[in-house]
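Participant: Just the structure for this:
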Amino acid sequence: MAKQVEGISEKVELCAKKEFLEKGYVDASLRTIAAEAGTTTGTIYSRYGGKEGLFSAIVEPVAKEFTGIFIGVQEKFHAIESDRQAVSLDDYAEDGMKQLVKYMYAHLEEFQILVKSSYGTRFQDFVEHLVELETDYTYKFMEAIGLRFKDGKPLTKNFMHIMNKALFESFF
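Facilitator: Numbering: from 1, shown residues only. Next up, the predicted model:
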């Protein structure tokens, strides 16, 4: 087995970020990435297993941590007594949003790739996954405080999904 040259992974990932941002996952070229990084496609395959492995190496840690922060905020909020949730909602939502925005800006390039360039990868539904989580937690909140809609009927998960999708699409 060939010895890995130090610093190549960092160079490959830097060049891959540029390529994915410019062309998206589907149109990105491993040959271009390898040439820009001063290596071969064989090196990329041996280190990452291919284009999707390289893409994952760039975005997966950020996607996982962001989702973890998001779920953590939700769980912390839902751990408080249901009679205090309604009055605490604004503060928790504002604090949670600040945490998420701060994290996104600290990893802006990875988020741009994740949100704009992930079509064709297992990450293409990242935003949809967040929408589903938010919808589940919103429904949980509404049940906890006994929130009803018109004529005492609850809002449907379908309606909440549509509203949350609009929120997240504007966020990203």
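Participant: Could you name the helices and strands sitting against the top helix by length along the chain?
Facilitator: Counting residues, the longest helix found in the chain (DSSP state H) is helix 51-78. The contact analysis (3 or more C-beta pairs under 8 Å, 6 or more residues apart in numbering; DSSP states H and E) places helix 51-78 against helix 8-27, helix 30-37, helix 41-48, helix 82-106, helix 108-116, helix 126-145. C-beta: built from backbone N, CA, C; applies to glycine.
Participant: Ignoring the adjacent residues along the chain, who's closest to G120?
Facilitator: V26 (4.4 Å; C-beta to C-beta, 6 or more residues apart in numbering).
Participant: What number of residues are in the vicinity of that neighbour?
Facilitator: V26 has 11 neighbouring residues, counting by other C-beta atoms under 10 Å.
Participant: again, but for the one 5 residues further on
Facilitator: Burial of R31, expressed as a neighbour count using other C-beta under 10 Å, amounts to 10.
Participant: My guess is it contacts T41. True?
Facilitator: Yes: R31 is in contact with T41 according to C-beta atoms under 8 Å; the separation is 5.9 Å.
Participant: Residue nearest the middle of the chain, spatially speaking?
Facilitator: A63 (4.1 Å; C-alpha atoms, centre = their mean).
Participant: Skipping adjacent residues, who's closest to D83 in space?
Facilitator: I145 (7.8 Å).
Participant: so what's the one you found up against?
Facilitator: I145 makes contact with S82, D83, Q85, A86 under the criterion C-beta atoms under 8 Å, 6 or more residues apart in numbering.
Participant: export those to a markdown table and tack on distance to I8?
Facilitator: As requested, the contacts of I145 are exported to a markdown table (distance: C-beta to C-beta, whole Å):
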| residue | distance to I8 |
| --- | --- |
| S82 | 54 |
| D83 | 57 |
| Q85 | 51 |
| A86 | 54 |
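Participant: ok, of the residues you listed, which come out buried?
Facilitator: Listed as buried from the contacts of I145 are Q85; burial here means 16 or more other C-beta atoms under 10 Å.
Participant: quick one: the residue nearest to V62 when sequence neighbours are not counted from L147, how far?
Facilitator: Once flanking residues are discounted, V62 sits nearest to E110: 4.3 Å by C-beta to C-beta, 6+ apart. Distance of E110 to L147, computed by C-beta to C-beta, to the nearest Å: 36 Å.
Participant: Same question for Y45.
Facilitator: 53 Å.
Participant: What of I80?
Facilitator: For I80, the distance to L147 - C-beta to C-beta - is 16 Å.
Participant: that older thread, higher neighbour count, E110 and L147?
Facilitator: Taking neighbours as other C-beta under 10 Å, E110 and L147 compare with E110 leading, 19 against 14.
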